[in-house]
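**Q** From the sequence below, what's the structure:
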Amino acid sequence: MVLAEDLAKQQRSISVAEFFEKNKHLLGFDSPTRGIITTVKEAVDNALDACEEAEVLPDIFVAIRKVGTDVYRITVEDNGPGIVGKNVPYVFGKLLYGSRFHQIRQSRGQQGIGISAAVLYAQLTTGVPALVISRTGANAPAHRFELMIKTETNEPDVLVHEEIDWDRTHGTRIEIEFRSTLAAKKRLLEYLRYTAVVNPHARITADIDGELTVFERVSSEVPPCPKAILPHPHGIEFGALKRIAAVSAEPLDEFLVNSFSRVGKKTAEEMIALANLKPRRKVKGLEAEELKRLLAAMQQVKVPAPPAQQCLSPIGEDLIRKGLEKEIPLDFIKSRTRPSTVFSGHSFIIEAAIGYGGKLPAEGSGQILRFANRVPLLYQQGACAITGCVSQVNWKAYGLSQAGLPAGPVLIMVHVASTNVPFTSESKDAIASIPEIEREIVLVLQELGRELKTYLNRRDKKKQQDDRARAICSIIPEIAAKVSDIVELPPLDTSPIEGKIMRKLVAKKRTSDGTVSIDVHNYTAREIAFTLYNLSRDDAADAEPKPDFVDAFDGEYNKVWKCLLAPGTVWQVTYSGSGDGSIDLRGVEENQKVVVDLDV
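**A** Below is the predicted model of the structure:
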């Protein structure tokens, strides 16, 4: 008896903030290194969601600066619609506070935990309050807050609130300081790069310890914002049905039509008859046993799938390709978007892409990019259903070597868009094994595998043709020069002869006395638009004509020219340099181009 009373005195309720304070690993704050990535991720996700809801092209600024011994300040600023001043403390200083938890639609954030958990983690490690500035319009003042979280009550603790002048007409800025390291700098840049891939309408500027990186947008159209829909009868559970029935004053037949997606008058009548209930019975007066019969009837009656076109916003095949091509040099890329389908009453769409060659490592396992609702999944790859599905596919049948995962210079991207992504934990790092989702992933990967096999077969055939073409291009000019010496006549222009033999677009690179020249001959009978990529360590500052743009990549300079070449004409560029590195022609059919490096 005494022991029981002593134990009773020790028992008390805890707030959700206290729970996550002691279990921060559940939210992705299991280490100081990962804490930075999780904080940036949550802030960027919120910024993208807000911009899309306001139909604004996102311009997001991310900065990480060291401000003390192992202390870093993370700053994320966006141009979204801003947050009403009275709501700012709750958005950033109260866990489980948000606008999307009760909505059935695709969105990056759902629980209202992420960014407030970052504020909680910061006050645990440094005790420094989070700084938030938000403005909702040009005619409204900007609100500046310094706030923390009262862990005992899970309520915001506002230390400073003032109205200030801010150069942005609308948007939100948050600054958080906590103890960490920049050991994960490469992983952080990967997260931002992959975020830019699946959000091709966003521009993201990153200033990481003084090093500036910009991920430009490739689309100027804001994707349509998904609209919330009613719950589907096949996705409702007894507790949820009991809760919404208790607050409804409608009769049963009207309740089913007005409270659930895809339920019409005829379907409602069928459900009511199967449950052996009266149509005009007040739903809030139903007993628990009657609600159970109603739920069973709702599950048995055939109901059309939820309207995926309203509640989901897939990326699209074209934008997936553009996003990948912008950030990752590839020789081959194909993408697919599957038709929408349903699991447990929740709509979802699977999108995938496969890339090959380019700058991908030739050895080791292929690269797998996992996404859910346009958010990269960086951790727990082995526990994710996407990885399991990739392993299930027989990649050897598609021309790749395989030891569990496919090997070689291959990239596989899978995106799951859903109103309820089934994550394995609150940290949202891996997708659970749902049979309907796994089936769609395997099907789309098999489609892409067939595309890859076709490309590899054509590449092998083209390689034989190119070997012969290079031999011709290198031998004919030498033969002509020898003949000219023998007959003591000026050198003969062999281009017409090469053209009759080649009938292709031919790029030649030569280096002589520190000068690099690249000639592109159009030996075809039609005008051809092409893009020339020249990857080398030469910066080509004196190139004539100037490249359309230069992108530094792994210590090399990717110089790009975009040209339109008439039939029978030549385009040339020259610059000072060593001539190392490869060149490639893009935008031309594989069987209509030849690249020759005469220095090799």
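**Q** Average pLDDT for stretch 237-252, rounded please.
**A** For stretch 237-252, mean pLDDT is 86.
**Q** which residues touch it?
**A** Here stretch 237-252 makes contact (Cβ atoms under 8 Å, 6 or more residues apart in numbering) with 231, 255, 258-259, 268, 272, 277-284, 286, 288, 291-292, 294-295, 298. (Glycine included, C-beta is placed from N, CA and C.)
**Q** May I see the buried residues of it?
**A** 241, 245, 250, 252 (16 or more other Cβ atoms under 10 Å).
**Q** Now Gly93: closest residue in space, sequence neighbours ignored.
**A** Distances taken as Cβ to Cβ, 6 or more residues apart in numbering put Pro156 closest to Gly93, at 2.8 Å, once the chain neighbours are dropped.
**Q** what about the strands in the stretch 201-350 of the chain?
**A** Assigned by DSSP state E, counting those that start in this stretch, the stretch 201-350 of the chain shows strands spanning 203-208, 211-215, 332-337, 341-343, 346-356.
**Q** winner for burial among those?
**A** Of all those, strand 346-356 has the most neighbours on average by mean count of other Cβ atoms under 10 Å, namely a mean of 25.
**Q** what comes into contact with the very next helix or strand once past that strand?
**A** Next in sequence after strand 346-356, counting helices and strands by DSSP states H and E, comes strand 367-372. Strand 367-372 is contacted from outside by 194, 197-198, 360, 376-377, 381, 384, 386-387, 390, 405, 410-418, 421, 423, 428, 431, using Cβ under 8 Å, 6+ apart.
**Q** next one: stretch 60-70
**A** The contact list for stretch 60-70 (Cβ under 8 Å, 6+ apart) reads 32, 36, 40, 43-44, 47-48, 72-79, 177, 179-182, 188, 192, 202-210.
**Q** ok, and the closest non-adjacent residue to the spatially most central residue of the chain?
**A** Centre of the chain computed as the mean C-alpha position; nearest residue by Cα atoms, centre = their mean is Val198, 3.0 Å away. Nearest residue to Val198, sequence neighbours excluded (Cβ to Cβ, 6+ apart): Arg374, at 4.7 Å.
**Q** do the same with Leu230
**A** Nearest residue to Leu230, sequence neighbours excluded (Cβ to Cβ, 6+ apart): Ser261, at 4.2 Å.
**Q** and the helix or strand in which Glu451 is found, how far out from the chain's middle?
**A** Per DSSP H and E, Glu451 falls inside helix 435-487. Centre-to-centre, helix 435-487 and its host chain are 30 Å apart (Cα atoms, centre = their mean, to the nearest Å).
**Q** Does that helix pack against any helices or strands, and if so which?
**A** Counting contacts by 3 or more Cβ pairs under 8 Å, 6 or more residues apart in numbering; DSSP states H and E, helix 435-487 is packed against strand 332-337, strand 341-343, strand 346-356, helix 385-392, strand 410-418, helix 495-502, strand 505-512, strand 593-597.
**Q** just the CA coordinates of the fifth one, formatted as CSV?
**A** Included here for strand 410-418 are C-alpha records, laid out as CSV according to Å, rounded to 0.1, in the frame of the first residue of the first chain:
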residue,chain,number,x,y,z
VAL,A,410,22.9,4.5,-63.4
LEU,A,411,20.6,6.8,-61.4
ILE,A,412,17.1,5.7,-60.4
MET,A,413,14.6,8.3,-59.0
VAL,A,414,11.2,7.5,-57.5
HIS,A,415,8.7,10.0,-56.3
VAL,A,416,5.6,9.1,-54.2
ALA,A,417,2.9,11.8,-54.2
SER,A,418,0.0,11.0,-51.8
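**Q** residues of that strand that come out buried?
**A** Of all the residues in strand 410-418, those buried under the rule 16+ other Cβ under 10 Å are 410-418.
**Q** domain parsing for this protein?
**A** Listed domain ranges for the chain are 16-215, 233-300, 317-455, 493-597 (source: automatic domain parsing).
**Q** Pull the distance from the second one to the chain's centre.
**A** What that stands for is domain 233-300. Worked out by Cα atoms, centre = their mean, domain 233-300 lies 39 Å from the chain centre.
**Q** okay, how far is it across that domain, tip to tip?
**A** Distance between the two ends of domain 233-300: 10 Å, counting by Cα to Cα, to the nearest Å.
**Q** I'd like to know how many residues surround Ala54.
**A** For Ala54, the count of nearby residues is 15 (other Cβ atoms under 10 Å).
**Q** next one: Asn558
**A** 18.
**Q** partner residues bridging it?
**A** Per DSSP bridges, the residues bridged to Asn558 are Leu535, Asp551.
**Q** Does Pro491 lie in a helix or a strand, and which?
**A** Following DSSP H and E, there is no helix or strand that holds Pro491.
**Q** returning to what we had before: what sits opposite the residue nearest to Gly93 in the beta ladder?
**A** The partner residues for Pro156, given DSSP bridges, come to Ile149.
**Q** Run the chain-centre distance for stretch 116-132.
**A** With Cα atoms, centre = their mean as the basis, stretch 116-132 stands 27 Å off its chain's centre.
**Q** now do the same end-to-end measure for that stretch.
**A** Stretch 116-132 has an end-to-end distance of 12 Å (Cα to Cα).
**Q** contacts for it?
**A** The contact list for stretch 116-132, computed with Cβ under 8 Å, 6+ apart, reads 17, 20-21, 24, 27, 29, 32, 35, 38-39, 42-43, 71, 88, 91-95, 97, 144-149, 151, 159-160, 172-180.
**Q** Report the buried residues of that stretch.
**A** Judged by neighbour count (16+ other Cβ under 10 Å), stretch 116-132 contains these buried residues: 116-123, 125-126, 128-132.
**Q** Could you pull up the mean pLDDT of that stretch?
**A** In this model, stretch 116-132 has a mean pLDDT of 85.
**Q** And stretch 293-313, by the same measure?
**A** Rounded mean pLDDT across stretch 293-313 is 86.
**Q** Give the buried residues for it.
**A** Along stretch 293-313, these residues count as buried under the neighbour rule (16+ other Cβ under 10 Å): 294-295, 297-298, 301, 303, 306-308, 311-313.
**Q** mind putting these in a markdown table, distance to Gly577 included?
**A** Below are the buried residues of stretch 293-313 laid out as a markdown table (distance: Cβ to Cβ, whole Å):
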| residue | distance to Gly577 |
| --- | --- |
| Leu294 | 76 |
| Leu295 | 73 |
| Ala297 | 76 |
| Met298 | 71 |
| Val301 | 72 |
| Val303 | 66 |
| Pro306 | 58 |
| Pro307 | 57 |
| Ala308 | 52 |
| Cys311 | 54 |
| Leu312 | 49 |
| Ser313 | 45 |
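**Q** Looking at the residues you listed, which one is closest to Ser474?
**A** Checking those against Ser474 by Cβ to Cβ gives Ser313 as the nearest, at 52.2 Å.
**Q** show me what contacts the closest one?
**A** 52, 106, 223-226, 417.
**Q** quick revisit: sort out which of the contacts of stretch 116-132 are buried, if you could.
**A** Buried subset of the contacts of stretch 116-132 (neighbour count, 16+ other Cβ under 10 Å): 17, 20-21, 24, 27, 29, 32, 35, 38-39, 42-43, 88, 91-95, 97, 144-149, 151, 172-180.
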